[in-house]
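Participant: following is a predicted model, sequence given first.
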Amino acid sequence: MEALKNALDFSDFPRIDLTVAGLVLIFLLAFPVLGFSSFAMATMIQFLMFSLYGMGWNTIGGYGGQVDLGKAQYVGIGAYTTAVMLIRWDIPFWVSMPVGVCLAVGWSFIIGYPLFRLKGHYFAIATIATSLVLKDLFEVWNFVGAARGLEISPIKFHPPDFLHLIFKEDVYYFYILLGFFLLGIFYINWFRKSRLGFQLRCIKDNEDVARSLGINVHWAKIKTYAIATSFVSVVGSFHACYIKNIEPEDTMSLTISILIALMAMLGGAGSLWGPIIGAGILIPLKSYLKEWLGATVGLVGIDIIIYALIIMLVSAFEPRGVWGIIEKLRRRKRN
Amino acid sequence: MAMLVADHVTKDFGGLRANHDICFSMEKGELLGLIGPNGAGKTTLFNCLSGLHPITSGRIIFNGKDITRLKAHEVARQGLARTFQVYTASGDLNVRENVMVGCFMNTSSRSRAASRADKMLAFLRLTELADYLVSELPVAAQKRVTMATALGSDPKLLLLDEVAAGLNPNEIEDILSDIKHIHYELGVTVMLIEHVMELVMKISDRVIVLDSGEKIAEGDPGQIARNPAVIKAYLGERYVKEHSGELA
């Protein structure tokens, strides 16, 4: 009961934040009827997906300070579970999605246990390695279509199919994802006030202090890693139904892992709104840059250069991202 | 029954023996001082007692239970809390949130943790500073935050590591009375490492002296101040020889 109250209670934010959040929510709810192009709609869906990825990453990476660069492997597990179950056995999304979460969380325990013996850069490198190894395995695994991947053919379904999440129009996907997005915000709002959230922030500050306050540091990290994994896996499952064509290269690549971490780091790691702000800046930038510049000869890959620049600028000037700057200004005003 | 017993505790770091064969025991309700020159192994002993360093040999008994092989978080849950000499806070948690982390050890309810934290903040004169980041506070207040955080976990025994270091004489007076409050009003048994002699000698029931990793003396503050081995450890052999007439 108290947990539910905490999840719905945003009263520790200043009124201006809540006003802005309310306006953004109204904009999101009304977005499909505002007559934007289908390209804008696709960008918006990407924004919601990456916000959710970022929120998940933010639990372990932001609040816990464990820079995880291997989240793409869980996108893959979620996406492939849903795709395989749908294609082979006609199992609905609402069943395959939780199954995907279970598999992803199971896998996260297996690799999380040894991985969290490592710290700092070594941990980050190890997460990249496990993710790439899993991707390589999927590329040679015939059951999941190897490097060709899997294709969900919409022909045998009758859209709009809410059970299997097969739709012709993006607007259905948009509203379902918006539902996940709001649930995600409520969950993180609970998480940041929960015992685990406090423990994690203490671990980020100083692990020895955390231990001396009765916190099982290793277990707290593994639990949170599983929470982050669940977020990513759910969106991965959604990704399969939405894109309908998944291959290891675009669901499990290193670029995806880095983008996920970048959302939260740019917007503000360890804050509720950070990943959303990050995704709100990066995703439109990514989509429209590709649209405008990507086709021009010689400018392919310019988006990757921009990500690199952002990483450097954020880590040099304000490690807590855009939200860190806002908080700093507020603090200065108050003092 | 003794609350804490260190039974031949030895700690090696590679070839370096940081604690050698240390034995002592302390009773419930006691206020025990631990002194010694720099590098004597005082903080190492705290790290061993609180489980952060696994000890090389010996046993540690807390409230009748062998805690030698327990991990640091398990030791903390037995009711043995500690503070740290250097508290490196990255600035993520404000003062109240810091104290709440300690309070969350015994409850998963946020409201219960928050109300206990508020009590601890009031107890250590921190209520008005609750919304600041720890890094924004003066050193004296930071030291009180570390004590409040440790007390949040409702310990039976509190190890204080140099809480008076870097404070001015007025602040030392204040922290002295804080420690007395913790000891008498909350009924917490206290063991403290301190370089500020006027503080240790004033409040300790008993003092243990370490030098080069070994226990060289133990007794009430008056005895310790006159103990030749202690004076030698602090002032050097030559001083003791030259002034042997005055010391006797």
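Facilitator: Happy to help now that I have it.
Participant: contacts, neighbours, all on C-alpha from now
Facilitator: Fine.
Participant: in the stretch 151-300 of chain A, which residue sits closest to chain B?
Facilitator: Nearest to chain B, among the residues of the stretch 151-300 of chain A, is A:Gly214, at 3.9 Å (CA to the nearest CA).
Participant: residues in contact with that residue?
Facilitator: Applying CA atoms under 8 Å, 6 or more residues apart in numbering or on different chains to A:Gly214 gives the contacts B:Ala72, B:His73, B:Glu74, B:Val75, B:Ala76, B:Arg77, B:Met105.
Participant: over to the closest residue to it other than its chain neighbours. Which of the three states is it?
Facilitator: Spatial nearest neighbour of A:Gly214, excluding adjacent residues (CA to CA, 6 or more residues apart in numbering or on different chains): B:His73 at 3.9 Å. Here B:His73 is helix, with the state taken from DSSP: H, G, I helix; E, B strand; the rest coil.
Participant: chain A: which of the contacts of A:Gly214 is nearest?
Facilitator: Once CA to the nearest CA is applied, the member of those that ends up nearest chain A is B:His73, at 3.9 Å.
Participant: most centrally placed residue in chain B?
Facilitator: B:Leu160 (2.2 Å; CA atoms, centre = their mean).
Participant: what residues sit buried inside the least confident helix or strand in chain A by mean pLDDT?
Facilitator: Ranked by mean pLDDT, DSSP states H and E, the weakest helix or strand in chain A is helix A:302-317, scoring a mean of 80. In terms of neighbour count (16 or more other CA atoms under 10 Å in any protein chain shown), helix A:302-317 has its buried residues at A:Asp303, A:Tyr307, A:Ile310, A:Ile311, A:Val314.
Participant: just to revisit the earlier point, and the residue nearest to A:Gly214, how many residues sit next to it?
Facilitator: 24 (other CA atoms under 10 Å in any protein chain shown).
Participant: cool, A:Glu151 as well?
Facilitator: Neighbours of A:Glu151 (other CA under 10 Å): 17.
Participant: okay, the closest residue to it other than its chain neighbours: pLDDT?
Facilitator: Excluding the flanking residues, the one nearest A:Glu151 by CA to CA, 6+ apart is A:Asn245, at 4.4 Å. pLDDT for A:Asn245: 86.
Participant: A:Asn245 against A:Ala147, yeah?
Facilitator: No: counting by CA atoms under 8 Å, A:Asn245 does not reach A:Ala147; the two are 12.0 Å apart.
Participant: tell me the SS of the residue nearest the centre of chain A?
Facilitator: Per CA atoms, centre = their mean, the C-alpha nearest to the average position across chain A is that of A:Tyr53, at 0.5 Å. Counting by three-state DSSP, the backbone at A:Tyr53 sits in helix.
Participant: cross-check the contact I'm expecting between it and A:His239.
Facilitator: No: applying CA under 8 Å, one finds A:Tyr53 not in contact with A:His239, separated by 11.4 Å.
Participant: related to what we said a few turns ago, residues contacting the residue nearest to the centre of chain B?
Facilitator: B:Arg82, B:Thr83, B:Phe84, B:Met147, B:Val190, B:Met191, B:Leu192, B:Ile193.
Participant: next one: A:Ser257
Facilitator: Counted by CA under 8 Å, 6+ apart, A:Ser257 has contacts A:Leu69, A:Gly70, A:Lys71, A:Ala72.
Participant: of those residues, closest to B:Asp211?
Facilitator: When those are compared for distance to B:Asp211 (CA to CA), A:Leu69 wins out at 47.2 Å.
Participant: which pLDDT value goes with the closest one?
Facilitator: For A:Leu69, pLDDT reads 91.
Participant: report how many residues lie close to it.
Facilitator: So A:Leu69, with other CA under 10 Å, has 27 neighbours.
Participant: same deal with A:Ala279?
Facilitator: A:Ala279: 30 neighbours (other CA under 10 Å).
Participant: surely it is in a helix?
Facilitator: Yes: membership of A:Ala279 in a helix is supported by three-state DSSP.
Participant: which bits of chain B sit near chain A?
Facilitator: By CA under 8 Å from any CA of the partner chain, the residues of chain B that approach chain A are B:50, B:52, B:72-77, B:81-84, B:88-93, B:97-98, B:100-102, B:104-105, B:108-110, B:150, B:153.
Participant: filter those residues down to the ones in helices?
Facilitator: B:72-77, B:97-98, B:100-102, B:110, B:150 (DSSP state H).
Participant: about what we covered before: neighbour count, pLDDT and distance to A:Asp205 added to the contacts of B:Leu160, as CSV?
Facilitator: Listed next are these as CSV, based on neighbours: other CA atoms under 10 Å in any protein chain shown; pLDDT from 0 to 100; distance: CA to CA, whole Å:
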residue, neighbour count, pLDDT, distance to A:Asp205
B:Arg82, 28, 92, 16
B:Thr83, 26, 92, 14
B:Phe84, 21, 89, 13
B:Met147, 27, 92, 17
B:Val190, 25, 94, 26
B:Met191, 22, 94, 25
B:Leu192, 24, 92, 24
B:Ile193, 24, 92, 24
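Participant: who's in contact with whichever strand or helix holds B:Asp118?
Facilitator: Assigned by DSSP states H and E, B:Asp118 belongs to helix B:110-123. For helix B:110-123, the external contacting residues (CA under 8 Å, 6+ apart) are A:193-195, B:96, B:99-100, B:103-104, B:107, B:127, B:130, B:145, B:148, B:151-152.
Participant: ditto for stretch A:53-60
Facilitator: Residues contacting stretch A:53-60 (CA under 8 Å, 6+ apart): A:66-68, A:71, A:184-185, A:188, A:197, A:200, A:221, A:224-225, A:227-232, A:235, A:260-264, A:269-272, A:275-276, A:279.
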